[in-house]
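[1] here is a sequence together with a model predicted from it:
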Amino acid sequence: MNNNESETTVASDESKDPTGETLVDTDVSSGLEGGDRSTRPDDPIVRAEGISVWYDDDQALDDITLAIPEHKVTAMIGPSGCGKSTFLRCINRMNDLIDAARVEGDLYLGGKNVYDADVDPVALRRRVGMVFQKPNPFPKSIRENVLYGLKVQGIQADYDQVVEESLKRAALWDEVKDRLDESGLELSGGQQQRLCIARAIAPDPEVLLMDEPASALDPIATSQIEDLIDDLAEEYTVAIVTHNMQQAARISDKTAVFLTGGELVEFDDTQKIFENPENDRVEDYITGKFG
Ligand SMILES: Nc1ncnc2c1ncn2[C@@H]1O[C@H](COP(=O)(O)OP(=O)(O)OP(=O)(O)O)[C@@H](O)[C@H]1O
């Protein structure tokens, strides 16, 4: 994440509601009902077509066309400021929360353009969960943290079952099952991040966006998160921004390389990107000649 002024705007919104779920009127139809969910393993579930983003007059993304396959881990890498986080935020329309941001182009989830006027961003964020760089649990119990998204949207469910399932999927259940009423803030950093992952998956999204989810964690917690991401891809489509090229190489199936100017320079199987990239600038970046 950047430390610029408007990024701070997002950060402060996130501190009110890191899921973005209460920030938009929920009293409208989702508009997403028509979007077919892809069912074949290699089908793209997210498809960006000609996405460009500006912050006031500064262009952050330039005409990005990219298809993210279902049930795979897709990594976004590139030097600082090349637009990786901006792209991630296009997928769940978190850029809507930044006054200066303007998005052009089409972004499909299943068959539906999420920028269509009839799409409710809150319903979209139920289908596209997000985990941020710094673990940001609410000052609430572990249980209430997990249930937050469901309750805020008035979704009825067997809450005990959702809590158990989500914490199991986030590989946290065994560590917290006897202390569900304790504050989420009392957990370690790595546990807090897994709690945030449990919160993101509780509404059963299709896509999970992760913006440098391990960069604030120690090596052991990082490795737990990496193992978890691998497991999560069986159930969800994961799109992850990372600064750490080794991490991208370890955990992702596909890699998108963004370079300065907000350009997507190469997108391919991770192995191909790291072993035999087509583009000389990508090779220079991967081999550490710049960035
Ligand atoms: N909220 C914002 N307001 C204004 N400009 C922004 C905002 N967020 C990002 N930018 C600008 O957009 C460009 C892309 O930023 P972005 O954070 O998407 O890049 P990034 O590749 O994720 O960077 P990093 O790796 O440092 O997190 C940068 O020039 C940044 O300064």
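    Yes, it's here.

[2] in the longest helix anywhere in the chain, what's buried?
    Scanning the chain for the longest helix, with DSSP state H as the assignment, gives helix 219-235. Going by neighbour count (16 or more other C-beta atoms under 10 Å), the buried part of helix 219-235 is 221-222, 224-226, 228-229, 232-233. No exception for glycine: its C-beta is placed from N, CA and C like everyone else's.

[3] do the same with stretch 235-254
    For stretch 235-254, the neighbour count (16+ other C-beta under 10 Å) marks 236-242, 244-245, 247-254 as buried.

[4] try stretch 58-77
    60-62, 64, 66-77.

[5] among the residues you listed, which ones are in strands?
    Per DSSP state E, strands hold the following members of the buried residues of stretch 58-77: 60-62, 64, 66-69, 73-77.

[6] please convert these to TSV, extending it with pLDDT and distance to the ligand.
    Below are those laid out as TSV (pLDDT from 0 to 100; distance: C-beta to the nearest ligand atom, whole Å):
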residue	pLDDT	distance to the ligand
Ala60	98	3
Leu61	98	8
Asp62	97	11
Ile64	98	11
Leu66	96	14
Ala67	96	20
Ile68	96	17
Pro69	95	22
Val73	97	18
Thr74	98	15
Ala75	98	13
Met76	98	8
Ile77	97	9
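
[7] what is the nearest of those residues to Phe132?
    The shortest approach to Phe132 among those belongs to Met76, at 14.6 Å (C-beta to C-beta).

[8] one step back: restricted to strands, list the buried residues of stretch 235-254.
    Residues of those located in strands (DSSP E): 237-241, 254.

[9] let me know the outermost residue of the protein.
    Largest separation from the mean C-alpha position in the chain: Asp178, at 29.3 Å (C-alpha atoms, centre = their mean).

[10] so who does Thr222 touch?
    Thr222 sits next to 190, 214, 247 when contact means C-beta atoms under 8 Å, 6 or more residues apart in numbering.

[11] so which of the residues you listed sit within helices?
    With helices taken from DSSP H, the overlap with the contacts of Thr222 comprises 190, 247.

[12] check the contacts of Thr222 one by one and keep those near the ligand.
    Checked against the ligand using C-beta under 6 Å from any ligand atom, the contacts of Thr222 give no members in range.

[13] quick one, strands of the stretch 101-250 of the chain?
    Remark: strands assigned in the stretch 101-250 of the chain by DSSP state E, counting those that start in this stretch are 101-109, 112-113, 128-131, 207-211, 237-241.

[14] make a markdown table from those strands and add distance to the ligand and mean pLDDT to it.
    Shown next, in a markdown table, are those (distance: least, C-beta to the nearest ligand atom, whole Å; pLDDT from 0 to 100):
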| stretch | distance to the ligand | mean pLDDT |
| --- | --- | --- |
| strand 101-109 | 6 | 97 |
| strand 112-113 | 21 | 94 |
| strand 128-131 | 14 | 95 |
| strand 207-211 | 8 | 97 |
| strand 237-241 | 6 | 97 |
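
[15] on that earlier part again, what's the separation between the residue farthest from the centre of the chain and Val103?
    According to C-beta to C-beta, to the nearest Å, Asp178 stands 45 Å off from Val103.
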